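> pasting the sequence and the predicted coordinates here, then a few questions.
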Amino acid sequence: MYDNIKYYPSGDSGLILEFGNKISKDVNKKIRALSYCIEKENLDQIIEIIPTYTTILIVYDPIKSLYGELVEKLKSIEKSMKNIKLPPAEVVHIPTLYGGEYGMDLENVAEHNGLTVSEVINIHSSTKYLVYMIGFTPGFPYLGGMSEKIATPRLKIPREKIPGGSVGIAGSQTGIYPIDSPGGWQIIGRTPLKLFDSKRNPSVLLKAGQYLKFESVNEERYQTICEEIMKNKYEPKRTKLKGGE
């Protein structure tokens with residue numbers, strides 16, 4: 001992590017704040033803190049705040065603010081950040097049906113790591129994963145925190161279509177496909193939740209700085225949740241991260 005945040009222009013309406021060159025929880029915490037402080041200021045020249053692994057992209061209206069003016073304003077906000085106390089992070093619980101037709105690679109992951117299927121499920125669903133950023137496809141969460149005990153290489157030949165909601169593993173990462181798309185991850189399960197829905201406001205379910213926790217459900221519960229989602233009667237469980245976790 002850098003001692004001082006670096007500021008760079010990004011086109012004529014973008015500003016990048018760089019916090020470091022390595023992915024870490026400490027860098028992410030600082031990114032979340034400054035993003036939170038900027039949001040609280042409610043500056044009308046700022047259109048969007050986009051946190052990533054090691055940077056924040058600020059999209060702004062160049063008619064309402066010159067680049068240099070915005071940099072100075074953000075630096076003053078940065079100074080006030082030292083006294084900020086972030087609210088507890090939110091944990092979004094993701095119901096997941098593991099294995100079978102919804103997780104066709106679960107046995108491969110178990111075999112690769114010398115584990116039973118149940119052990120893979122227990123390890124995968126026992127962790128709270130930090131959402132570092134959203135990207136790649138609409139609503140795709142870049143997660144941190146997966147155990148190396150279930151790390152598994154990508155498929156040698158990617159599949160042409162992975163159903164939206166599929167939960168996969170690639171190397172030491174786990175993730176969820178928000179929409180139907182090609183992919184080479186090892187698919188171990190599926191969630192009925194829609195991570196991206198253009199008809200919903202907001203359209204993206206998750207956001208950077210949250211945590212998510214996979215929760216194993218049986219097929220009956222999975223189908224029930226699907227029906228509730230169709231009727232707009234289902235909301236994922238949300239809790240607060242406890243101190244020290």
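All right, it came through fine. What you see is a predicted model; the values in this text were computed from it and never measured.

> which residue ranges form the strands in the protein?
Here the chain has its strands, by DSSP state E, at 6-9, 14-18, 46-51, 55-60, 90-98, 129-134, 141-144, 159-162, 166-170, 173-176, 181-183, 186-190, 211-216, 238-240.

> neighbouring contacts of the fifth one?
Surrounding strand 90-98, the residues in contact under the criterion C-beta atoms under 8 Å, 6 or more residues apart in numbering are 103, 106, 117, 121, 124-125, 128, 167, 176, 188-193, 205-206, 210-219, 221-222, 225, 236-241. The C-beta positions use only the backbone N, C-alpha and C, and glycine is treated the same way.

> same list, the strands of the chain, but as a markdown table with distance to residue 76 and mean pLDDT please.
Listed next are the strands of the chain as a markdown table, based on distance: least, C-beta to C-beta, whole Å; pLDDT from 0 to 100:
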| stretch | distance to residue 76 | mean pLDDT |
| --- | --- | --- |
| strand 6-9 | 13 | 97 |
| strand 14-18 | 13 | 98 |
| strand 46-51 | 14 | 96 |
| strand 55-60 | 14 | 98 |
| strand 90-98 | 28 | 98 |
| strand 129-134 | 26 | 96 |
| strand 141-144 | 30 | 95 |
| strand 159-162 | 46 | 97 |
| strand 166-170 | 41 | 98 |
| strand 173-176 | 37 | 97 |
| strand 181-183 | 42 | 96 |
| strand 186-190 | 47 | 99 |
| strand 211-216 | 30 | 98 |
| strand 238-240 | 30 | 96 |
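
> closest one to residue 28 among those strands?
strand 129-134 (5.9 Å; C-beta to C-beta).

> partners of that closest one in the sheet?
strand 141-144 (antiparallel), strand 211-216 (antiparallel) (DSSP bridges).

> can you put the ones you listed in TSV and add mean neighbour count?
As requested, the strands paired with strand 129-134 are exported to TSV (neighbours: other C-beta atoms under 10 Å):
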stretch	mean neighbour count
strand 141-144	21
strand 211-216	20
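
> need those strands in CSV (columns: distance to residue 159).
Shown next, in CSV, are the strands paired with strand 129-134 (distance: least, C-beta to C-beta, whole Å):
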stretch, distance to residue 159
strand 141-144, 20
strand 211-216, 21
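
> one step back: will you turn the strands of the chain into TSV that also has distance to residue 81?
Output for those, formatted as TSV (distance: least, C-beta to C-beta, whole Å):
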stretch	distance to residue 81
strand 6-9	15
strand 14-18	11
strand 46-51	14
strand 55-60	12
strand 90-98	20
strand 129-134	19
strand 141-144	22
strand 159-162	40
strand 166-170	34
strand 173-176	29
strand 181-183	37
strand 186-190	39
strand 211-216	21
strand 238-240	22
